[in-house]
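Asker: Got a predicted structure plus its sequence, pasted below:
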Amino acid sequence: MTAKYYRIAVFAGDGIGPEIMKEALKVLKIVADRSAVELQLTHGLLGGSAYDACGTPFPEESLNLALESDAVLLGAVGGPKWEGLDYSVRPERALLGLREKLGLFANLRPVVVFDELVDASPLKPELVKGIDILILRELTGDVYFGRPRGVTRDAEGKRTGVNTMIYTEEEIRRIAGRAFELARGRRKKLLSVDKANVLETTELWRNVVTETGRDYPDVALGHMYVDNCAMQLVRHPAQFDVIVTTNLFGDILSDEAAMLTGSIGMLPSASLGAGRALYEPIHGSAPDIAGKNIANPLATILSVAMMLRHSLDLPDAAAAVEKAVADVLKDGWRTQDIHSPGSRLVGTAEMGDAVLKKLAGPGR
Ligand code: IPM
Ligand code: MG
């Protein structure tokens, strides 16, 4: 049988990006070696490190690399070093540029609480045990991309800032369709989150999601205002299964939901478009802990698992990686963000090696 061939663009990025990426690539390589796939990994520059090297956070070459690849694996971008730069060349622009140019409109952020980490959550164990939520965030619309935008000055020099919250019905229908499909593959329960009591854009959101739902009579659709959802996520998170929401609300709610799992260092993500995909941990570049071998690589390793599942058609390998992560946690290995008395405190590289060892272990 000939091996399937995939091109993967790798952008380690800034801050802890290179450290966590190194561990994730170890995992990817061992899995690829024993599956019927051949991977061509090409590294590119993105974010602050790209700005330092070529004066732009999003070099043309990197965009082309991403466009020519079957999937993109990203570490993290940004850091205080680049915060004073003009908005147009900030590292974050590269991430937004990639999302836009690759048309990655569907951002999957699974929030899964591993049994072993129930005590690492700031919430009571009985609230978070068994939590398995999928946040589906629309990723290429809303105030993130809407125009007009910017800061203007009037004749007296007084400044006004403007951003535009905007969604077309096609954009809403597209993400809603994905949401219903995903819900169908899970517990057939979908919650759409909006602010339809105040914002017309999200009233349209609610209406179009409801219309789309007519094609999915087997999925129970509910609606919730975003402020209430923020509250319910910490009051009674077990009520949620799939949540679909707008770009900005999804950004905020997914950070909040991450804490259910104990650490934002545990959350992977997949950003999918028509035939394109990008995988990245949802935490940022964590410049304060960069270069110290203490960052948690598990979110990036779990992002690799998502890539195996969604882009490389290797669901068994994805499950094996997820199980290896769960097993390592079961054995008590912890990076400092999820450490508690009695567990084994390890660094970034040791955590990566522990996952590798599980994957290489007998019977796999
Ligand atoms: C995220 C991040 C990004 C966003 C930033 C880094 C631009 O917070 O992926 O959630 O706001 O989308
Ligand atoms: Mg965010």
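Answerer: Thanks, I have the structure now. Ligands and ions are numbered 1, 2, ... in the order given.

Asker: Give me the distance between Ser62 and Arg187.
Answerer: In this structure, Ser62 and Arg187 are 39 Å apart, going by Cβ to Cβ, to the nearest Å. Yep, even glycine has a C-beta here, placed from its N, CA and C like the rest.

Asker: ugh, wrong one, I meant Ala354
Answerer: Counting by Cβ to Cβ, the gap from Ala354 to Arg187 is 32 Å.

Asker: quick revisit: the more surrounded of Ser62 and Arg187?
Answerer: Ser62 (24 against 14; other Cβ atoms under 10 Å).

Asker: Do I have it right that the more buried one meets Leu46?
Answerer: Yes - taking contacts as Cβ atoms under 8 Å, Ser62 lies within contact range of Leu46: 5.3 Å.

Asker: Find residues that contact each of these two.
Answerer: Listed as contacting both Ser62 and Leu46 by Cβ atoms under 8 Å, 6 or more residues apart in numbering are Phe11, Ala94.

Asker: Buried residues in stretch 344-352, which are they?
Answerer: Taking 16 or more other Cβ atoms under 10 Å as the basis for neighbour counts, the residues of stretch 344-352 that come out buried are Val346, Gly347, Thr348, Met351, Gly352.

Asker: export it as PDB, just CAs?
Answerer: The C-alpha coordinates for stretch 344-352 follow below in PDB (Å, rounded to 0.1, in the frame of the first residue of the first chain):
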ATOM      1  CA  ARG A 344       5.200  14.800  39.800                       C
ATOM      2  CA  LEU A 345       6.300  18.200  38.700                       C
ATOM      3  CA  VAL A 346       8.000  18.100  35.300                       C
ATOM      4  CA  GLY A 347       9.200  20.500  32.600                       C
ATOM      5  CA  THR A 348       8.000  20.900  29.000                       C
ATOM      6  CA  ALA A 349      10.400  18.400  27.500                       C
ATOM      7  CA  GLU A 350       9.900  15.800  30.200                       C
ATOM      8  CA  MET A 351       6.100  16.000  29.600                       C
ATOM      9  CA  GLY A 352       6.600  15.600  25.900                       C
END
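
Asker: List of residues touching that stretch?
Answerer: Stretch 344-352 is contacted by residues 16, 19-20, 22-24, 26-27, 293-298, 301, 328, 331-336, 339, 354 when judged by Cβ under 8 Å, 6+ apart.

Asker: Quick check: PyMOL command selecting the buried ones in these.
Answerer: The PyMOL command for the buried members of these (criterion: 16+ other Cβ under 10 Å) is given here:
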select buried, resi 16+19+20+22+23+24+26+27+294+295+296+297+298+301+328+333+334+335+336+339+354
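
Asker: Filter the contacts of stretch 344-352 down to the ones in helices?
Answerer: Glu19, Ile20, Lys22, Glu23, Ala24, Lys26, Val27, Leu298, Ile301, Val328, Ala354 (DSSP state H).

Asker: Can I get the buried residues of stretch 344-352 in TSV including pLDDT?
Answerer: Below are the buried residues of stretch 344-352 laid out as TSV (pLDDT from 0 to 100):
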residue	pLDDT
Val346	97
Gly347	98
Thr348	98
Met351	98
Gly352	98
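
Asker: Among those, which are located in helices?
Answerer: Restricting these to those inside helices, with DSSP H as the criterion, leaves Thr348, Met351, Gly352.

Asker: Ligand 1 versus the spatially closest residue to Leu314 that is not a sequence neighbour, what's the distance?
Answerer: Distances taken as Cβ to Cβ, 6 or more residues apart in numbering place Leu308 nearest to Leu314, at 4.4 Å, with adjacent residues excluded. Taking Cβ to the nearest ligand atom, to the nearest Å as the measure, Leu308 falls 21 Å from ligand 1.
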